[in-house]
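[1] Model the following, please.
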Amino acid sequence: MTIFHKHPFDRDAFLTPFDKMYDQMMEVHFPEVSQQVGVNPMQGTAYPKVNVYEYDDKVGIVAEIPGLDKKNVSVEVEENVLTISGDKHGFEDDGGKCITRELKHSSFKRSFNLGEHLDGEDVSANFKDGMLSISIPKIEPTKPKKHSVKIG
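    Model prediction:
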């Protein structure tokens with residue numbers, strides 16, 4: 001019996017530089033995206049992959065985080081930066097000899113600048129079936145007050 005061993009290939013290590021290059025290109029050529037939406041979707045690392053949605057009253061972030069439990073995922077806001085982080089534990093074997101190792105222990109962290117138009121104090125999140133959904137309410141910009149000045 002012959003067992004074929006695959007050469008180790010780390011998909012994330014290969015694709016992450018391309019993802020970062022794409023993110024930088026988008027940020028340089030389309031800077032108005034983060035200014036208009038109020039969140040910078042091109043900041044941070046490439047994992048987890050996210051979709052950012054803008055609504056009239058909020059911005060939504062949906063992140064795909066397969067293989068994790070809700071207890072292994074964290075969403076925090078500090079100094080107007082929202083950070084998604086998590087810790088993925090590899091599969092524990094029962095003392096068997098591992099022939100191919102593709103499952104690994106890893107952690108991740110991805111941050112988003114919320115800008116001045118989003119309320120980092122009232123963020124809500126839901127995690128179900130490997131999908132993290134975050135809702136960040138918009139802040140109604142205050143209009144400058146106008147008053148008359150008596151000329152003396």
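
[2] Now do the SS call for residue 25.
    Judged by DSSP: H, G, I helix; E, B strand; the rest coil, the three-state class of residue 25 is helix.

[3] Now do it against residue 63, distance only.
    22 Å (Cβ to Cβ, to the nearest Å). Where C-beta positions appear, they are placed from N, C-alpha and C, glycine not excepted.

[4] the more surrounded of these two?
    When neighbours are counted by other Cβ atoms under 10 Å, residue 63 comes out ahead of the other of residue 25 and residue 63, with 23 against 11.

[5] So which bits of the helix or strand harbouring that one are buried?
    Using DSSP states H and E, the element containing residue 63 is strand 58-64. Going by neighbour count (16 or more other Cβ atoms under 10 Å), the buried part of strand 58-64 is 58-59, 61, 63.

[6] Repeat that for stretch 100-113.
    108, 110-113.

[7] cool, stretch 73-84 as well?
    For stretch 73-84, burial by neighbour count (16+ other Cβ under 10 Å) applies to 73, 75, 77, 82, 84.

[8] end-to-end on that stretch?
    Taking Cα to Cα, to the nearest Å as the measure, stretch 73-84 stretches 7 Å from start to finish.

[9] neighbouring contacts of it?
    39, 48, 61, 63, 65, 85-86, 108-116, 118, 120-121, 123, 125, 127, 132, 134, 136 (Cβ atoms under 8 Å, 6 or more residues apart in numbering).

[10] residue contacts, residue 62?
    Applying Cβ under 8 Å, 6+ apart to residue 62 gives the contacts 50-51, 53, 131-134.

[11] Return the closest of these with respect to residue 140.
    Distance to residue 140, by Cβ to Cβ, is smallest for residue 53 among the contacts of residue 62, at 19.1 Å.

[12] and the closest one, how many neighbours?
    For residue 53, using other Cβ under 10 Å, the count is 13.
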